[in-house]
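*Asks:* This is a predicted model, with the sequence first.
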Amino acid sequence: MMAAARTRMFPMRDYDLAATLTSGQVFRWQRHESGWIGVIGKRWVRLQADPSSIVAETAEPVADWGWLADYLQLELDLKTVLRTFPDDEPMRAALTACRGLRLLRQDPWECLASFILSSTKQIPQIRQIVSLLCERYGEALAVPEGRAPTCAFPAAARLAQASEGELRACKMGFRAPFLLATARKIAGGEFDLGRVQTLPVEAARAELMTLPGVGRKIADCVLLFACGCSHAFPVDVWVQKALRQLYFPRQRVRLPRLHQFAASHFGPNAGYAQQYLFHYMRLLRKRQVCLS
DNA sequence: TACCAGGAGAGCG
DNA sequence: CGCTCTCATGGT
C-alpha cells in the first residue's frame, strides 16, 4: 500500500490532456501556467501532462487515487478503441487532427446539469454560467496554500432550494426553469440518477428524457460522458454539420436518418468517434488544422 | 447589424 | 409526423 501523498505521477501515452479538457465535454478546467486546475467531486486538482505522463496534485493527501484514474479513464487502451472506428476518409482526417483526444468519466449530476445549461450556448458561455453556479451555490473546497479559492459543483438539493430568478441571475436565461425543475425532481427522490446508470441504454435514454430540459441530445451526452455508454452518439449542430458535409454531401438528410446512420456506421465506440468529429469541426473553424 | 451558439418544448396543419 | 417559433444572452 502506497503512503498517502498530495502528488502522484501516472505513466501515460497517447493522452492529449489539453484537447480532452477543452473539447466541450467538461466546462470547469482552466489552463494555469503549464498545467490545468479543476475540481473532481469535492477535490481541488491540478494536472500536468508531458508526452509520457500525467502528474496530479491535490490539496490534501490521497491514499487511493482510483477516483482520478476513473475520471481520466487512465486504464483505457485508446488504440483498441480507435481500431473500432470506420476506416473512411472523414474519420482518418479527424483521427490525425485529434490524436490523443479522450473521453472522461464524469459525475452524472454535474454532467446532466451542465448540459441542460448548454443548449444554444457557445462553450465559453457555458463555462461562465457553470462558474457562476459553482461560485454561488457550491461548497467551498480546500486548496493548496497560495491557490485561488474554489467550489464544488452544487448538489441538486442545493439548487432545488434556489428560486428561478436567482438561477437566471447566473445568466442561464430560459434554461433556469429547466435546471430548477430537474434539480427538484432529483433532490426530491422522484428521479434516481444512480438507477439510470444500471439500465440498458435505450431505457436509460428514455428515462433521462422525462426530465425537464432534457431531450435526445442532452440525454446522449449524459450517457456518453457520465454513464460510460460509448455507443451513445450526441448529435448537436456541429455534429449534424459534420455528418451532412462529410457523409451526405449535397443531400437533404433529416435528423432521424443521421441518428440511424451514426448507430450503424461508427461501431461500438460511436460516441468516441463522435467526439473526434466534434473536436475536428471546431479545429477546422478555428483554422488550427491543415485541410489537405 | 444580423446571425449563430454542444436544444427543448409547444403549437400548428 | 414534420415544420416553425420562442425561449436569454453573448460572441463574431
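*Replies:* Right, received. Where do you want to start?

*Asks:* When you work out contacts or count neighbours from here on, use the C-alpha atoms and nothing else.
*Replies:* Noted.

*Asks:* Determine the number of other residues adjacent to the closest residue to DNA strand B within the stretch 1-150 of chain A.
*Replies:* With Cα to the nearest atom of the strand, the shortest gap between the stretch 1-150 of chain A and DNA strand B falls at residue A:122, namely 2.4 Å. Number of residues near residue A:122 (other Cα atoms under 10 Å) recorded here: 10.

*Asks:* do residue A:200 as well
*Replies:* Counted by other Cα under 10 Å, the residues lying close to residue A:200 total 10.

*Asks:* Residue A:268 too?
*Replies:* Using other Cα under 10 Å, residue A:268 has 17 other residues around it.

*Asks:* Excluding sequence neighbours, find me the nearest residue to it.
*Replies:* Leaving aside its sequence neighbours, residue A:268 sits nearest to residue A:231 (Cα to Cα, 6 or more residues apart in numbering; 5.4 Å).

*Asks:* And whichever residue of the stretch 51-200 of chain A sits closest to DNA strand C, its phi and psi?
*Replies:* Proximity of the stretch 51-200 of chain A to DNA strand C (Cα to the nearest atom of the strand) peaks at residue A:173, 3.4 Å away. Dihedral angles of residue A:173 (phi, psi; degrees, to the nearest 10) stand at phi 60, psi -130.

*Asks:* Residues of the stretch 1-150 of chain A that sit close to DNA strand B?
*Replies:* Contacts of the stretch 1-150 of chain A with DNA strand B, taken as Cα under 7 Å from any atom of the strand, map to A:23, A:24, A:25, A:115, A:116, A:118, A:119, A:120, A:121, A:122, A:123, A:124.

*Asks:* can you put those in CSV and add secondary structure and distance to residue A:252?
*Replies:* Formatted as CSV, these follow (DSSP: H, G, I helix; E, B strand; the rest coil; distance: Cα to Cα, whole Å):
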residue, secondary structure, distance to residue A:252
A:23, coil, 28
A:24, coil, 27
A:25, coil, 29
A:115, helix, 28
A:116, helix, 29
A:118, coil, 27
A:119, coil, 24
A:120, coil, 23
A:121, coil, 26
A:122, coil, 26
A:123, helix, 28
A:124, helix, 31
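
*Asks:* Now flag whichever of the residues you listed is closest to residue A:67.
*Replies:* Closest to residue A:67 out of these is residue A:25 (18.0 Å), distances taken as Cα to Cα.

*Asks:* So that closest one sits against residue A:225, correct?
*Replies:* Yes. If you go by Cα atoms under 8 Å, residue A:25 and residue A:225 touch, sitting 6.9 Å apart.

*Asks:* How many residues are close by residue A:128?
*Replies:* By the measure other Cα under 10 Å, the count of residues near residue A:128 is 16.

*Asks:* meant to ask about residue A:197
*Replies:* As a measure of burial, residue A:197 has 19 neighbours, counting by other Cα under 10 Å.

*Asks:* Let me know whether residue A:277 touches residue A:244 as I believe.
*Replies:* No. Contact between residue A:277 and residue A:244 fails when scored by Cα under 8 Å: they sit 11.9 Å apart.

*Asks:* of the residues of the stretch 1-150 of chain A next to DNA strand B, buried ones?
*Replies:* Among those, those buried by neighbour count (16 or more other Cα atoms under 10 Å) are A:23, A:24, A:25, A:115, A:116, A:118, A:119, A:123.

*Asks:* quick one, phi psi at the residue lying closest to residue A:60 once chain neighbours are set aside?
*Replies:* Spatial nearest neighbour of residue A:60, excluding adjacent residues (Cα to Cα, 6+ apart): residue A:6 at 5.7 Å. The phi/psi pair for residue A:6 (degrees, to the nearest 10) reads phi -90, psi -10.

*Asks:* List of residues touching the helix or strand where residue A:262 lies?
*Replies:* Per DSSP states H and E: residue A:262 is located in helix A:255-265. Contacts with helix A:255-265, where a contact means Cα atoms under 8 Å, 6 or more residues apart in numbering, come from A:86, A:231, A:233, A:235, A:240, A:243, A:270.

*Asks:* Can that helix be said to contact DNA strand B?
*Replies:* No. Using Cα under 7 Å from any atom of the strand, helix A:255-265 never reaches DNA strand B; the gap is at least 10.9 Å.
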